[in-house]
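**Student:** coords please:
(one chain, ligands or ions: 1)
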Amino acid sequence: MGEDCGLERSGKNLGRFVKAARRSEIPEGSARIIQVDTRTLAIFHANGEFFAIDNACLHQGGPLGEGEVYGTRVVCPWHGWEYDFSTGSNVDDPSMKLTCFPVRVQDDDILVEI
Ligand code: FES
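**Tutor:** Residues are numbered from 1 along each chain as shown. Okay, here's the model as predicted:
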């Protein structure tokens with residue numbers, strides 16, 4: 001489970017949880033781009049869980065929150081790079097990792113630790 005971005009960060013990150021969206025705004029199997037403070041995040045809903053990563057693709061900054069979602073993967077809409085948003089890793093080159101953020105759900109609110 002050390003690969004999981006949420007767990008990996010939570011021990012060492014002293015960030016704060018900020019409300020990012022309502023649960024009902026991101027149906028299962030979809031994503032949404034959210035501005036939280038100065039960051040632009042992509043929040044995904046897959047397998048009953050929510051995941052948050054940096055929205056900008058590591059290739060040329062494509063908006064991952066607009067990509068096609070299947071399982072816990074998203075395909076960048078610009079040139080097709082693929083990421084597993086549960087780990088932040090690029091599928092073809094796992095050494096390339098997006099920043100990802102712990103998510104907590106409270107009632108209808110999705111909170112992200114930044
Ligand atoms: S910007 Fe994402 S694949 Fe090129």
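
**Student:** so where's the protein uncertain?
**Tutor:** Applying pLDDT under 70 to the chain picks out residues 1-14.

**Student:** those helices in it, which residues are they?
**Tutor:** 5-10 (DSSP state H).

**Student:** all strands in it, in order from the N-terminus.
**Tutor:** With strands called from DSSP state E, the chain shows them at 17-22, 31-36, 39-46, 49-54, 68-70, 73-75, 82-84, 89-90, 100-101, 103-106, 109-113.

**Student:** which helices and strands does the second one pack with?
**Tutor:** Spelled out, it's strand 31-36. Helices and strands touching strand 31-36, by 3 or more CB pairs under 8 Å, 6 or more residues apart in numbering; DSSP states H and E, are strand 17-22, strand 39-46. The C-beta positions use only the backbone N, C-alpha and C, and glycine is treated the same way.

**Student:** out of the ones you listed, deepest packed?
**Tutor:** Per-stretch averages of neighbours, counted by mean count of other CB atoms under 10 Å, single out strand 39-46 among the helices and strands packed on strand 31-36, with a mean of 22.

**Student:** What pairs with that strand, parallel or antiparallel?
**Tutor:** Within its sheet, strand 39-46 is paired with strand 31-36 (antiparallel), strand 49-54 (antiparallel), according to DSSP bridges.

**Student:** tell me which parts of the protein are close to the ligand?
**Tutor:** Counting by CB under 6 Å from any ligand atom, the chain comes close to the ligand at 57, 59-62, 76, 78-81.
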